[in-house]
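J.: next input, structure requested:
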Amino acid sequence: MINFIYLLNHGEKFSNQEKEFLFFGVSKLFPSNDLELRRIVFLFLKQLNYYENSFMLNGALVNEINKNDSFLKGSSLRFLGRIVDVSGVAPIERLLKNAISSNTSDVSSSAILCTLYMSVRGFNIARPWISEITDKLNGSLSQSNLVTFHTLLLLREIRDNDKLYLLKTYLNLSQSGMRSQFATCQLIRYIVEFLQKGQVEDPKTLSSLLAYLESCMFKTQQEAVSIEAARGILELPNVKTSLLTSTFETLKSHLNNGKRVVKYSALKTLDKAANKFATKLSLDIFLDLERIIDDNANNASIKAIALSIFLKISKGLSDYRLEKMFNTFTEQYTTFKEEFKKDIVMISKEISREDPAKNKLYLNFFSSLLKLEAGLQTKVEILDAIIWYINNDGILKKTALLRLAEFIEDCQFDNLKTRILSVLGKEGMSVNSPSQLVRYIYNRIILENAFVRAAAVSALGEIAFKNESLRKNIVNLIRNSLHDNDNEVRERAFFYVKALTDLDEKSSTEGSIRNYMFGGKKFDIDLIQNLLKIQKDQLLSSDNIAKELSSTINDPEKIKKVMSTVPIIKENISKTAHSSKITSKNESKEEQIYPGGEDFKKTVFYKSLGIPKKVSQSLVK
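T.: This next block holds a predicted model:
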């Protein structure tokens, strides 16, 4: 049974059939005379949280309540409050009322808790007992047990709609005081709730409640009460500056407490307050935070929260102190739990975007964390932070890209590798020497699995599209993937090889658009224009213009004469090049006579030559 309790405490889930089997098996142990075993039975049934057939235990539990064993009586009362139904309320009503008035604190507390469970479930059994419950509350103020705490909870549950009654009760309790720390902390929560909702209209009452909260902060013998009061004050709206200052001083004094739980509670409260009052925290708190982070006696949770506070209030801090803190945290990073690693990265990411002057420090911090051991989600947050600099900081863009390219060599997560490759392909031209990135990317094609290889091929293709000088070399690299074992890699490689090759051919054509195809040979279009201008009379009088023009172009002496006589015409090149496209078979007869149609016909140059006639079938492609 102890093993089952262990599994339940560690979150193990049982099916309803398994719970039913365990419930009936353990219920057979109720008549046992072994006291320790019966205690374990109650603990197991509470952890099992199975109440479907629990009504079968009502009789056994009532018998235990009538016995004199205070421990078993208290356990029976608490369990009975969870399982009793409508039909079982009347038989136990008298037992509960007598148990509440018991002088034994355990029995009385258990009876009040049983009544509270029933009230939460909708039974109005406690409403007629309001006077007995109030007397029990007033009579237990001097006790340090849980009776006051449970009575205060029950009173709030049954009189929740009577705000005036509750406010009066809280005011009386704040003036008389309570010895129980649990009850005092709960009273502070109720008072803070009233003040947050603005339900206290009387200035005198408001002042009295605030004075009570402030007095609770200085109860150094009750650290829980002091921290709870400070937390409540920081949650109030429109708190005076003097009260805020005293609250921060109280919390800061707990940072040097030898008890870890007190130090942790104070840090958690300050961490929450730093989101709202970052500018009002005194700078001398940095010394306490640095001391906590440097102290090896503190565990990772305390150090992580201290660093979180440090970052949130570090806007006016010098670069030297901030860099020193980053180095200290980086050295201890591997000792932290995964949740704290992720939280610190997220906090750092948000704060870094608010202070552009420290972008370089934060980029170095994130880059160092990227190389350390961490989970996937933490790595994703770090990567998001670095990519933000690539998209928003032109000065640090090149540095961030190189950091990512270096990290991809040691990255263990394929999802991160593909994302980094996508960023390198998209922003690779921002680096002074893109060939350096090409080396990192091509290594992924050689060393990684198909999923990453496909992303690497795409990244190389993106760089090649934007960098004409590297295009030929990158195409040769991508060709090596045409025989890859994976279909996706081969298809991407074929696509980029084809697209880049066509792009080179197109660029070559556009670069030589002035070359005119005539008779299977290329001639400069300016030369053709000059020849036509000089010899227009001779050409127009000839019956075979194509033959005449061909003889002129193929004669070096005539060409030399033309080039020395008339300068090359450099006007209307774009229009002439556009007019040199091949006409389709579906064009009209008029368009076949002068390629390019009316637009070609109306150009200034050819308009001066007279009626255009067909010159050649072989034009620029």
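J.: what helix or strand is the residue minimising distance to the centre of the chain located in?
T.: Central residue of the chain (Cα atoms, centre = their mean): residue 381, 6.1 Å from the mean position. Using DSSP states H and E, residue 381 sits in helix 376-392.
J.: check which residues of the following helix or strand past that helix are buried.
T.: Once helix 376-392 ends, the next helix or strand along the chain (criterion: DSSP H and E) is helix 397-407. By neighbour count with 16 or more other Cβ atoms under 10 Å, helix 397-407 contains the buried residues 397, 399-405, 407. Any C-beta I mention is one placed from the backbone N, CA and C, and that applies to glycine too.
J.: what's the answer for stretch 462-478, then?
T.: Within stretch 462-478, the residues that qualify as buried are 462-465, 467, 470-471, 474-475, 477-478, counting by 16+ other Cβ under 10 Å.
J.: among those, which are in helices?
T.: Using DSSP state H, the subset of these located in helices is 462-465, 470-471, 474-475, 477-478.
J.: that older thread, let me have the buried residues of stretch 462-478 in JSON lines, extended by pLDDT and distance to residue 58.
T.: JSON lines is the format used below for the buried residues of stretch 462-478 (pLDDT from 0 to 100; distance: Cβ to Cβ, whole Å):
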{"residue": "462", "pLDDT": "88", "distance to residue 58": "73"}
{"residue": "463", "pLDDT": "88", "distance to residue 58": "76"}
{"residue": "464", "pLDDT": "87", "distance to residue 58": "80"}
{"residue": "465", "pLDDT": "85", "distance to residue 58": "78"}
{"residue": "467", "pLDDT": "83", "distance to residue 58": "82"}
{"residue": "470", "pLDDT": "85", "distance to residue 58": "83"}
{"residue": "471", "pLDDT": "86", "distance to residue 58": "84"}
{"residue": "474", "pLDDT": "89", "distance to residue 58": "80"}
{"residue": "475", "pLDDT": "89", "distance to residue 58": "83"}
{"residue": "477", "pLDDT": "90", "distance to residue 58": "79"}
{"residue": "478", "pLDDT": "90", "distance to residue 58": "78"}
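J.: any chance of those residues in TSV, with distance to residue 236 too?
T.: TSV is the format used below for the buried residues of stretch 462-478 (distance: Cβ to Cβ, whole Å):
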residue	distance to residue 236
462	55
463	57
464	62
465	60
467	60
470	63
471	66
474	63
475	68
477	65
478	65
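J.: so where's the stretch 301-450 of the chain shaky on pLDDT?
T.: For the stretch 301-450 of the chain, the stretches with pLDDT under 70 are 316.
J.: repeat for the stretch 1-150 of the chain
T.: Residues of the stretch 1-150 of the chain meeting the criterion pLDDT under 70: 53-54.
J.: got the domain ranges for this protein?
T.: Using automatic domain parsing, the domains assigned to the chain come out as 283-393, 394-511, 514-607.
J.: list the contacts for residue 378?
T.: Each residue near residue 378 by Cβ atoms under 8 Å, 6 or more residues apart in numbering is listed here: 338, 341-342, 345.
J.: can we see that at 6 Å?
T.: Shown in contact with residue 378 (Cβ atoms under 6 Å, 6 or more residues apart in numbering): 341-342.
J.: how much space between it and residue 125?
T.: Applying Cβ to Cβ, to the nearest Å, the value for residue 378 to residue 125 is 51 Å.
J.: same check, this time on residue 486
T.: 71 Å.
J.: out of those two, which sits in the more crowded spot?
T.: Using other Cβ atoms under 10 Å, the more surrounded residue of residue 486 and residue 125 is residue 125, with 18 against 14.
J.: the strands in this structure, which residues?
T.: 515-518, 521-524 (DSSP state E).
J.: lowest average confidence across those, which one?
T.: Among the strands of the chain, strand 515-518 has the lowest mean pLDDT, at a mean of 42.
J.: neighbours around the nearest residue to residue 385 once chain neighbours are set aside, how many?
T.: Closest residue to residue 385 apart from its sequence neighbours, by Cβ to Cβ, 6 or more residues apart in numbering: residue 349 at 4.3 Å. Neighbour count of residue 349, defined by other Cβ under 10 Å: 17.
J.: is residue 349 in contact with residue 386, as I believe?
T.: No - in this structure residue 349 lies outside contact range of residue 386 using Cβ atoms under 6 Å: 9.6 Å.
J.: hmm, who's touching stretch 416-429?
T.: Outside stretch 416-429, the residues within contact range by Cβ under 6 Å, 6+ apart are 379, 390, 401, 404, 408, 411, 434, 437, 452, 455-456, 459, 462-463, 466.
J.: apply 7 Å and report the result again.
T.: 379, 383, 387, 390, 397, 401, 404-405, 408, 411, 434, 437, 441, 444, 448, 451-452, 455-456, 458-459, 462-463, 466-467 (Cβ atoms under 7 Å, 6 or more residues apart in numbering).
J.: check which residues of that stretch are buried.
T.: Buried, per 16+ other Cβ under 10 Å, within stretch 416-429: 416-421, 423-425, 427-428.
J.: do the same with stretch 6-18
T.: Neighbour-count burial for stretch 6-18 flags 8, 14 (criterion: 16+ other Cβ under 10 Å).
J.: with stretch 244-260 instead?
T.: For stretch 244-260, the neighbour count (16+ other Cβ under 10 Å) marks 244, 246-248, 250-252, 254-255 as buried.
J.: stretch 32-41 too?
T.: 38, 40-41.
J.: helices - which of those land there?
T.: Using DSSP H, the subset of the buried residues of stretch 32-41 located in helices is 38, 40-41.
J.: OK, contacts around residue 251?
T.: Contacts of residue 251 by Cβ under 7 Å, 6+ apart are 230, 266, 269-270.
J.: distance check, it against residue 10.
T.: 34 Å.
J.: do residue 485 as well
T.: Distance from residue 485 to residue 10, counting by Cβ to Cβ: 44 Å.
J.: now residue 267
T.: 27 Å.
J.: kindly report the same for residue 16.
T.: 20 Å.
J.: residue 226 against residue 214, yeah?
T.: No - counting by Cβ atoms under 7 Å, residue 226 does not reach residue 214; the two are 10.8 Å apart.
J.: measure the nearest residue in space to residue 452 that is not next to it in sequence to residue 395 for me?
T.: Of all residues not flanking residue 452 in the chain, residue 417 sits nearest, at 4.9 Å (Cβ to Cβ, 6+ apart). Counting by Cβ to Cβ, the separation of residue 417 from residue 395 is 26 Å.
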